[in-house]
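Colleague: predicted model follows, preceded by the sequence.
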Amino acid sequence: MTFTTTCPACQTAVRLPWEYAGAEAECGRCGAVFDAHPHTNLTLPPAPPRRSRRRAAPPDGAPVVALVLGLFNLVLWACPFVGVITGILGLVFGHSGLQSPRRAWAVVGIVFSVVGLTFSLGWGALIAILMVREAQLQHAPNGNNPPFFQPK
């Protein structure tokens, strides 16, 4: 790369390699020796925009996820294992989305998750009670009395 400078004696433009910037140069026209400094009228590319030191706001995904999980929980509460998992996850995402601009979605997701979680836990407890009762009745000798209530 080269730069252009001007001879101070005869005003001739002289083109020199960058290695000679600041060194002594000799004008080819008048023979004057001068310090070769590049012209300062070079245009530099614009500086990139400065980034703000503030952190960007986190994405608003948590309230949406809480709402979707709450809706899934309302639909899937009859399968206790899936209902409990989606209910707990809906509560977690809903709680993390309470500081979001979509706070209302997070609250609705929490409400749906609590209702579905209550149904899931109640349904799971009912299934467990019925399974234990059925197991007790299968082991009863006459089918009417459970083993721990047999008369002597």
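Modeller: All right, it came through fine.
Colleague: all strands of the protein, in order?
Modeller: Taking DSSP state E to define them, one finds strands in the chain at 2-6, 13-17, 24-26, 33-35.
Colleague: now find how far off-centre the last one is within its chain.
Modeller: It stands for strand 33-35. The chain centre lies 61 Å from the centre of strand 33-35; the measure is Cα atoms, centre = their mean, to the nearest Å.
Colleague: stretch 132-141 now?
Modeller: Using Cα atoms, centre = their mean, the offset of stretch 132-141 from its chain centre is 52 Å.
Colleague: over to stretch 90-101?
Modeller: The answer for stretch 90-101 is 14 Å, by Cα atoms, centre = their mean.
Colleague: and that stretch, what's buried?
Modeller: Under the neighbour-count criterion of 16 or more other Cβ atoms under 10 Å, stretch 90-101 has 90-94, 96-97, 100 buried. No exception for glycine: its C-beta is placed from N, CA and C like everyone else's.
Colleague: closest to Pro46 out of the residues you listed?
Modeller: Ser100 (36.3 Å; Cβ to Cβ).
Colleague: contacts for stretch 98-114?
Modeller: With Cβ atoms under 8 Å, 6 or more residues apart in numbering as the test, stretch 98-114 has contacts from 58, 60, 62-71, 73-74, 86-88, 90-91, 93-97.
Colleague: just the buried subset of those, please.
Modeller: Applying 16+ other Cβ under 10 Å to the contacts of stretch 98-114 flags 62-71, 73-74, 86-87, 90-91, 93-94, 96-97 as buried.
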